[in-house]
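S.K.: sharing a sequence plus its predicted fold:
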Amino acid sequence: MIVLCVNAGSSNLKVATYDGGRRTGHAQVHGGLDEALRKLGKIEPAAIGHRLVHGGPEHHQPSLIDGKLIQSLRSLVRFAPLHLPPALDAIEAAQERFPKLPQVACFDTHFHWQLPEQAKRLPITEALHREGVHRYGFHGLSYEYIVSAQELGRRAVIAHLGNGASLAALQDGRSIDTTMAFTPSSGIVMGTRAGDLDPGILLYLLCKGATAGEIERLVERESGLRGISGSTSDMQELLQQRASDPRAALAVQIFALSCRKAIGAFAAVLDGLDTLVFTGGIGENAAEVRAEICAGLGHLGLSFDAAANAAGKRCISAAGSTCTALVVPTDEDLIIARHASALLEKRQGEVT
């Protein structure tokens, strides 16, 4: 079964094809689905799988897409205003291009759905909690892939570090806490997102007359690495500039410290740490950032192998380290393809 996987982000769109679990093509564009498909070349998929960042309080299981689901998701855009609109646009574009093909929604929140109540509940009123204002967690497709691809031990922290970044604490492969909460804007410092921010700052801005759009732009697009550096959200550029630009150096330092603090907090949640995994664009490719994060983790039993890290090895912890540190490339699209295939096979079995 050939599955076309569509991953519509807030600023770009990625597509990939899988045949029996093997990637056969991929493309990334800043435009729409038609442009991505032109780059991909001629394909004849049997199904289409979509990554959906948020399904609100109602949707998390991989689901066949129909008019009812699309209508429900449109009513939930307020839960992820930056991510859901482009994903819904991609679904409609795919329906126009492949009207007879089944489409499957795969939600990033599914992996974290069974969070313990003490992690899921936010310190707000019961009324808001019942409205669905609680910790959801994101990057679930990435975390699910890492769990399927690597033996993690009983206590693990996975750091999915990219332009959007989060960490998750796993006990026996299950998510028991994660840095992102109600929206993907929360948690650690990211490329253009502030992460956790004193809510008093937003009240301060409101009192100054800021509009909701101005606050959204600040929190989502003008903060994080870009806000600190004043120039870019690209980690490779910041690493190149930091020797001559103090603001670039500070951005890298704050990002690494933000990650290190989260790892320490999750080690406390887990009562120790057996495995630390780096993944995502920064986690997989920025050896200097991994080194800065790991520099303060000796108290958790991590003995860091600087040479292995610089050489791009999979294991970057030294012999004798009681905590294993790994670099594992993620594959969210493969998980989408697996979910789409499994759901359609189940459907066909029920029909026959």
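M.R.: Perfect, I can see it now. Numbers count the residues shown, from 1 in each chain.

S.K.: stretch 261-281: how far from the chain's middle?
M.R.: Distance of stretch 261-281 from its chain centroid, counting by C-alpha atoms, centre = their mean, to the nearest Å, is 16 Å.

S.K.: equivalent analysis for stretch 232-250, please.
M.R.: 23 Å.

S.K.: with stretch 123-134 instead?
M.R.: On C-alpha atoms, centre = their mean, the centre of stretch 123-134 falls 24 Å from that of its chain.

S.K.: check the average confidence over that stretch, would you?
M.R.: Throughout stretch 123-134, pLDDT has a mean value of 96.

S.K.: what's in contact with that stretch?
M.R.: 56-57, 79, 120-122, 181-182 (C-beta atoms under 8 Å, 6 or more residues apart in numbering). From N, CA and C alone the C-beta is placed, and that goes for glycine too.

S.K.: what's the answer for stretch 344-352, then?
M.R.: 1, 46-47, 64, 102, 104.

S.K.: okay, buried residues for it please.
M.R.: Within stretch 344-352, the residues that count as buried by 16 or more other C-beta atoms under 10 Å are Leu344.

S.K.: please apply the same query to stretch 210-222.
M.R.: For stretch 210-222, by 16+ other C-beta under 10 Å, it's 218-221.

S.K.: okay, and which of the residues you listed map to helices?
M.R.: 218-221 (DSSP state H).

S.K.: so how far is whichever strand or helix holds Arg347 from its chain's centroid?
M.R.: For Arg347, the host element (DSSP states H and E) is helix 332-351. Here helix 332-351 shows a centroid-to-chain-centroid distance of 22 Å under the convention C-alpha atoms, centre = their mean.

S.K.: excluding chain neighbours, give the residue nearest to Ala291 in space.
M.R.: Nearest non-adjacent residue to Ala291, counting by C-beta to C-beta, 6 or more residues apart in numbering: Asn309, 5.7 Å away.

S.K.: check for me that that neighbour belongs to a helix.
M.R.: Yes: counting by DSSP: H, G, I helix; E, B strand; the rest coil, Asn309 is found in a helix.

S.K.: in contact with it, which residues?
M.R.: Here Asn309 is in contact with 287, 290-291, 294, 316, 327 (criterion: C-beta under 8 Å, 6+ apart).

S.K.: same thing but at 7 Å, please
M.R.: Counting by C-beta atoms under 7 Å, 6 or more residues apart in numbering, Asn309 touches 287, 290-291, 316.

S.K.: then Glu35?
M.R.: Val29 are the contacts of Glu35 under C-beta under 7 Å, 6+ apart.

S.K.: same check on Ala8?
M.R.: Ala8 touches 86-87, 90, counting by C-beta under 7 Å, 6+ apart.

S.K.: any idea how far Val189 is from Arg74?
M.R.: Computed as C-beta to C-beta, to the nearest Å, the Val189 to Arg74 distance reads 31 Å.

S.K.: neighbour count for the two, which is higher?
M.R.: Under the criterion of other C-beta atoms under 10 Å, the comparison of Val189 against Arg74 puts Val189 first, with 21 against 11.

S.K.: in this structure that one contacts Ile254, no?
M.R.: Yes: here Val189 reaches Ile254: they are 5.8 Å apart, a contact under C-beta atoms under 7 Å.

S.K.: before we move on, back to that, out of the contacts of Ala8, who's nearest Arg193?
M.R.: Arg193 has its nearest neighbour among the contacts of Ala8 in Pro86, at 16.2 Å by C-beta to C-beta.

S.K.: what helix or strand is the closest one on?
M.R.: Counting by DSSP H and E, Pro86 is part of helix 84-97.

S.K.: name the residue closest to the centre of the chain, please.
M.R.: His139 (2.8 Å; C-alpha atoms, centre = their mean).

S.K.: could I get the pLDDT score of Val351?
M.R.: So Val351 comes in at 67 (pLDDT).

S.K.: and for Gly296?
M.R.: Reported pLDDT for Gly296: 91.

S.K.: count of residues packed around it?
M.R.: What Gly296 shows, counting by other C-beta under 10 Å, is a neighbour count of 15.

S.K.: 46 is where my numbering starts, stick with that
M.R.: With the count now opening at 46, the last piece we talked about shows up as Gly341.

S.K.: name the SS class of it, please.
M.R.: Going by three-state DSSP: Gly341 is coil.

S.K.: quick check: it touching Cys304?
M.R.: No: using C-beta under 7 Å as the test, Gly341 is too far from Cys304 to be in contact (10.0 Å).

S.K.: flag the shaky bits of the protein, pLDDT-wise.
M.R.: For the chain, the stretches flagged by pLDDT under 70 are 396-397.

S.K.: which residues sit in contact with the nearest residue to Asp350 once chain neighbours are set aside?
M.R.: If the residues on either side of it in the chain are set aside, Asp350 comes closest to Ala363, at 4.3 Å by C-beta to C-beta, 6+ apart. By C-beta under 7 Å, 6+ apart, the contact set of Ala363 is 348-350.

S.K.: and Ala363, how far from Cys339?
M.R.: Counting by C-beta to C-beta - Ala363 and Cys339 are separated by 11 Å.

S.K.: need the residues touching each of these two.
M.R.: Contact criterion C-beta under 7 Å, 6+ apart; residues shared by Ala363 and Cys339: Phe349.
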